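> Curious how this folds, go ahead:
(one chain, ligands or ions: 1)
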Amino acid sequence: MARRQKQPPSVVVVGSSNTDFVVQSSKLPEPGMTVLGGEFQIVPGGKGANQAVAAARAGAPVSFVANIGRDDFGGAALQRFEREGIGTRFIVRDRHTPSGVALIMVDDKGRNLISVAAGSNDRLAKAHIDRAKQAFAGARCCLLQLETPLPTVEAALRLARREGVTTILDPAPYRRLAKRILQLVDILTPNETELAAMTGLPVKTKRDIERAAEALLQSGVGEVLATCGVRGVCRLAKQEKNWFQAPKVRAVDTVGAGDCFNGALASALSVGLTGAAAIQFAVKAAARSVTRPGAQPSFPKIKPDAH
Ligand code: RIB
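Okay, here's the model as predicted:
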């Protein structure tokens with residue numbers, strides 16, 4: 001039974017929920033190679049669910065719009081969302097398709113390889129967005145990623161725009177996006193790999209990253225926040241170019257760090273922090289997340305100061 005939230009949502013997350021099967025190993029295999037791994041863990045994940053959890057832990061009332069299987073993984077995910085205080089009214093249980101899963105390998109340096117079987121995430125449809133209209137009314141931010149069908153992403157972006165909600169799109173995993181979709185995005189948050197794939201430009205140096213971000217800005221997004229791991233975050237808007245440093249930490253697992261950044265960013269913006277303060281807060285949250293293993297289990301409970 002979906003639980004009603006006490007407060008109206010200020011962050012609406014539309015996206016995927018997965019169960020992550022994670023194997024730790026000293027090095028990541030190349031194609032055709034077998035490596036002997038170490039510890040195995042089953043961890044809650046999925047870019048949408050991760051971002052919803054990160055935003056909720058950063059204090060925002062969150063509503064999650066998703067399609068999860070009517071199986072044990074889906075049931076466990078739903079219970080976890082409720083424990084996190086996330087609004088689950090617009091999560092649909094799909095009786096025909098299993099919940100999404102991800103196979104993940106993490107090496108000694110905290111780097112990862114991820115392959116996702118989308119399952120029910122692939123059946124999150126435009127009709128589900130239409131039915132979730134109430135979640136968008138009065139919300140401050142809408143967070144999206146690309147693990148659900150593109151027409152659904154577009155429908156959610158359009159609805160958010162109509163309702164005056166700030167749209168944040170994490171273009172992960174990379175998929176080609178039409179200009180009409182990019183034009184609906186207020187804040188685009190690619191990592192270096194996605195930035196290179198979206199622009200066809202190199203991202204080796206800081207200047208390369210700025211040039212690639214400039215190219216994305218030309219395609220109509222409101223601003224670009226390129227999340228570049230230890231190099232920090234590059235913010236490029238019409239009148240602004242700025243780098244935000246990442247604190248130095250010992251990374252043990254970077255899975256979900258981008259999701260933590262996006263969730264914390266949305267939460268900070270929704271309480272009225274300026275762009276710069278919200279980015280600083282999100283960088284701090286993401287840096288903490290990489291010091292602990294797993295996606296959702298690694299996200300910190302830290303709140304931005306309300307403005
Ligand atoms: O961003 C990390 C996430 O990507 C993992 O939790 C995995 O489920 C995939 O969706």
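
> only C-alpha atoms for contact and neighbour calcs from this point on.
Noted.

> Next, count neighbours for residue 178.
11 (other CA atoms under 10 Å).

> Helix or strand for residue 129, just tell me which one.
Applying DSSP states H and E as the criterion places residue 129 in helix 126-131.

> tell me which parts of the protein are close to the ligand?
18, 20, 45-47, 102, 255-256, 259, 295 (CA under 6 Å from any ligand atom).

> Switch those residues over to CSV; also include distance to residue 172 and pLDDT.
Shown next, in CSV, are the residues of the chain next to the ligand (distance: CA to CA, whole Å; pLDDT from 0 to 100):
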residue, distance to residue 172, pLDDT
18, 14, 98
20, 16, 97
45, 14, 97
46, 11, 98
47, 8, 98
102, 14, 98
255, 13, 95
256, 11, 96
259, 10, 98
295, 15, 95
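
> In helices, which of these fall?
47, 259 (DSSP state H).

> Spatially nearest residue to the residue nearest the centre of the chain, not counting backbone neighbours?
Nearest to the geometric centre of the chain sits residue 259, at 3.6 Å (CA atoms, centre = their mean). Distance criterion CA to CA, 6 or more residues apart in numbering; nearest residue to residue 259, sequence neighbours excluded, is residue 51 at 4.9 Å.

> so how far is residue 37 from that neighbour?
28 Å (CA to CA, to the nearest Å).

> Residue 141 now?
40 Å.

> related to what we said a few turns ago, number of residues surrounding the residue nearest to residue 259?
By other CA under 10 Å, neighbour count at residue 51 equals 38.

> Show me what the host helix or strand of it is packed against.
Using DSSP H and E, residue 51 falls within helix 47-57. Helix 47-57 sits against strand 11-14, strand 62-69, helix 257-270, with contacts defined as 3 or more CA pairs under 8 Å, 6 or more residues apart in numbering; DSSP states H and E.

> Buried residues in stretch 96-103, which are they?
Neighbour counts over stretch 96-103 (16 or more other CA atoms under 10 Å) mark 97-103 as buried.

> With just CA atoms, put it into PDB.
Output in PDB follows, covering the C-alpha atoms of stretch 96-103 (Å, rounded to 0.1, in the frame of the first residue of the first chain):
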ATOM      1  CA  HIS A  96       4.400  -8.900 -16.200                       C
ATOM      2  CA  THR A  97       8.100  -7.800 -16.100                       C
ATOM      3  CA  PRO A  98      10.800  -8.500 -13.500                       C
ATOM      4  CA  SER A  99      12.500  -5.600 -11.600                       C
ATOM      5  CA  GLY A 100      15.700  -4.200 -13.000                       C
ATOM      6  CA  VAL A 101      19.100  -5.600 -12.000                       C
ATOM      7  CA  ALA A 102      22.700  -4.500 -12.500                       C
ATOM      8  CA  LEU A 103      25.900  -6.500 -12.600                       C
END
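
> got the residue ranges for the helices in the stretch 51-200 of the chain?
72-83, 126-131, 133-136, 150-162, 179-182, 192-199 (DSSP state H, counting those that start in this stretch).

> which residues does the closest residue to the ligand within the stretch 51-200 of the chain contact?
Scanning the stretch 51-200 of the chain for proximity to the ligand using CA to the nearest ligand atom identifies residue 102 as nearest, at 4.9 Å. Counting by CA atoms under 8 Å, 6 or more residues apart in numbering, residue 102 makes contact with 18-21, 45-46, 114-117.

> partner residues bridging it?
Beta bridges link residue 102 to residue 20, residue 116, judged by DSSP bridges.
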